[in-house]
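Participant: predicted model and sequence follow; I will ask about them next.
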Amino acid sequence: MIDEKVSTVIFEGGRAESPIEAEMTAIRKEVVLDTIEKLGQVKEIDETILCTNYRDLAQEASTLGAQIDFDDDLESYHFGRRLVRVTNDRRLENVLYMGGVAAPLIRLDEIAQIALDLRTKKNVVITNNIQSADVIAWSPGRAINYIEPPSADNVLGYLLRKAGMERILIPNSPRVNFDLDTPTDILILGMQAETGRRAKAAIRELDWDDSRIRAACAVFGTPDSHVLLTGRVGPPVMQFISMNMICHLRVISEERGMKALGREDRGEVISLVGQMIDLVGPRGFFERISRLCQVAFIDTRVIFAHRKIKPSDWDRFNSDLFRDQIIRDSFVREFTQEAFAASFPVVLGGHSLISGGIWLLSDQIAEERRILQGEDF
């Protein structure tokens, strides 16, 4: 008989190829442990299963009550096939999948609602994003066998929906849309009061400079500031900022779902911002947008994909931290240098920056203003 309990499955693993990736990995492990501890406080969750190739993480997670699915064979690793195996071997009926650092700020009540929906509704897939999700829950668990196992998690929700399951979107909030893909995301996480104790302590130990983000927030929070967002910006973020911030918002939203839809892999990404940079170069780009904004938050991954370059994690992450001297790709180095030299604060990152990240920062700024003013504005 199939067990009707709700099971959380977390995937976290990989291999650090450089010092900055090792730093990222260390933070990610602490976030996973914080999440497992949080899940243990949700009575609607019956078990948590961690799939990993990290022995130290597995040992720590087991002390928190997690079951461990350990496999350190990275050469034959395939996300979808591993998830199918875990789901079938353990006969999971109601499954909540989370990427290792997906939604590190998700609340207990939000997790509990997902579990309740899984128990009370059948043939459903619940996701935090229509096109590129990293929190995906579904019931029945065996539905995983009706799709081609994906190589990455961001298309899992899309494939289950395409297979005929009813889709339910988790109510939009910065907490469910924020994850950790880049150093910028980690620095933003370190600024949040609700960050788990392990992750917060580990972030404090980093020698990463968060002054650019803090300078950007100071301008962002100034009434009537002019703010530019570029990249995979979604409507909920724009709506929240428009309703809660006193600023003039300019948005160039483009190439949402470029990964999930395969556009990046096929070299089909076309960016308006990228075309402007093609015409005038990085310096000309920042000179021109200086007339439009006083602060900019830029999803650089769309620009890179437009130029059909695939920078290493080393280059992308060091670009986010403005360590231009050690960036190897000439374009990424030049773009980072000009962003640093811009006459206004620029924050660089990926999708999470201009989705959950900017949402978190605006929520934080708006709340601080409400506290200072003692009223809504």
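Facilitator: Nice, I can see it.
Participant: dig out what the spatially most central residue of the chain forms beta bridges with.
Facilitator: Centroid check for the chain by CA atoms, centre = their mean gives Asp179 as the closest residue, at 2.8 Å. Assessed by DSSP bridges, Asp179 has beta-bridge partners Ala102.
Participant: show me where this structure has its strands.
Facilitator: 6-12, 47-52, 67-70, 94-99, 124-127, 135-139, 166-169, 225-231, 247-253, 295-299, 346-349 (DSSP state E).
Participant: give me the domain ranges for this protein.
Facilitator: 6-177, 209-371 (automatic domain parsing).
Participant: just put those in JSON lines and tack on mean neighbour count, mean pLDDT and distance to Ala202.
Facilitator: (Glycine included, C-beta is placed from N, CA and C.) Converted to JSON lines, the domains of the chain look like this (neighbours: other CB atoms under 10 Å; pLDDT from 0 to 100; distance: least, CB to CB, whole Å):
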{"stretch": "domain 6-177", "mean neighbour count": "19", "mean pLDDT": "95", "distance to Ala202": "5"}
{"stretch": "domain 209-371", "mean neighbour count": "19", "mean pLDDT": "95", "distance to Ala202": "14"}
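Participant: quick one, longest helix in the chain?
Facilitator: Longest helix in the chain by number of residues (criterion: DSSP state H): helix 19-39.
Participant: quick one, which of the domains of the chain gets closest to Asp185.
Facilitator: Closest to Asp185 of these is domain 209-371 (CB to CB; 4.9 Å).
Participant: what's the end-to-end length of the closest one?
Facilitator: Terminal residues of domain 209-371 lie 28 Å apart, using CA to CA, to the nearest Å.
Participant: stretch 92-108 too?
Facilitator: 22 Å.
Participant: same question for stretch 67-79.
Facilitator: End-to-end distance for stretch 67-79: 18 Å, by CA to CA.
Participant: ok, residues contacting that stretch?
Facilitator: Identification of contacts with stretch 67-79 by CB atoms under 8 Å, 6 or more residues apart in numbering yields 11, 13-15, 47-53, 55, 58, 61-62, 82, 86, 149-153.
Participant: tell me how far it lies from the chain's centre.
Facilitator: With CA atoms, centre = their mean, to the nearest Å as the basis, stretch 67-79 stands 22 Å off its chain's centre.
Participant: stretch 99-108 too?
Facilitator: The answer for stretch 99-108 is 9 Å, by CA atoms, centre = their mean.
Participant: go on, stretch 160-169?
Facilitator: Between the centre of stretch 160-169 and the centre of its chain there are 22 Å (CA atoms, centre = their mean).
Participant: next one: stretch 279-295
Facilitator: 27 Å.
Participant: then it to CSV, C-alphas only?
Facilitator: What follows is stretch 279-295 as a C-alpha-only set of coordinates in CSV (Å, rounded to 0.1, in the frame of the first residue of the first chain):
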residue,chain,number,x,y,z
LEU,A,279,26.5,49.0,-30.6
VAL,A,280,28.2,51.2,-28.0
GLY,A,281,30.3,48.9,-25.9
PRO,A,282,30.1,48.5,-22.1
ARG,A,283,31.4,52.0,-21.4
GLY,A,284,28.9,53.6,-23.8
PHE,A,285,26.2,51.5,-22.3
PHE,A,286,26.8,52.7,-18.7
GLU,A,287,27.2,56.3,-19.9
ARG,A,288,23.8,56.2,-21.6
ILE,A,289,21.9,54.6,-18.8
SER,A,290,23.4,57.1,-16.4
ARG,A,291,20.9,59.5,-18.0
LEU,A,292,18.1,57.2,-17.1
CYS,A,293,18.7,56.0,-13.6
GLN,A,294,20.5,56.6,-10.3
VAL,A,295,20.9,52.9,-9.5
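Participant: how about the nearest residue to Asp34, chain neighbours excluded?
Facilitator: Spatial nearest neighbour of Asp34, excluding adjacent residues (CB to CB, 6 or more residues apart in numbering): Gly196 at 2.7 Å.
Participant: what residues are up against that neighbour?
Facilitator: Contact analysis of Gly196 by CB under 8 Å, 6+ apart lists Glu30, Val31, Leu33, Asp34, Thr35, Glu37, Lys38, Pro104.
Participant: shouldn't the second one be in contact with Asp179?
Facilitator: No - in terms of CB atoms under 8 Å, Val31 does not count as a neighbour of Asp179; the distance is 9.3 Å.
Participant: ok, the residue nearest to Ser151 when sequence neighbours are not counted to Asp153 distance?
Facilitator: Computed as CB to CB, 6+ apart, the closest residue to Ser151 that is not its neighbour in sequence is Phe79, at 5.8 Å. Note on Phe79: its distance to Asp153, by CB to CB, to the nearest Å, is 6 Å.
Participant: spit out the residues that contact these two alike.
Facilitator: Between them, Phe79 and Asp153 share these contacting residues under CB under 8 Å, 6+ apart: Phe11.
Participant: follow-up on the earlier one: and the residue nearest to Asp34, its phi and psi?
Facilitator: The phi/psi pair for Gly196 (degrees, to the nearest 10) reads phi -60, psi 150.
Participant: and it, what's its pLDDT?
Facilitator: Looking at Gly196, its pLDDT reads 96.
Participant: the one 4 residues further on now?
Facilitator: With respect to pLDDT, Lys200 scores 97.
Participant: tell me which residues touch the nearest residue to it once chain neighbours are set aside, please.
Facilitator: Leaving aside its sequence neighbours, Lys200 sits nearest to Gly190 (CB to CB, 6+ apart; 6.5 Å). By CB under 8 Å, 6+ apart, the residues touching Gly190 are Ala199, Lys200, Ile203, Arg204, Asp210.
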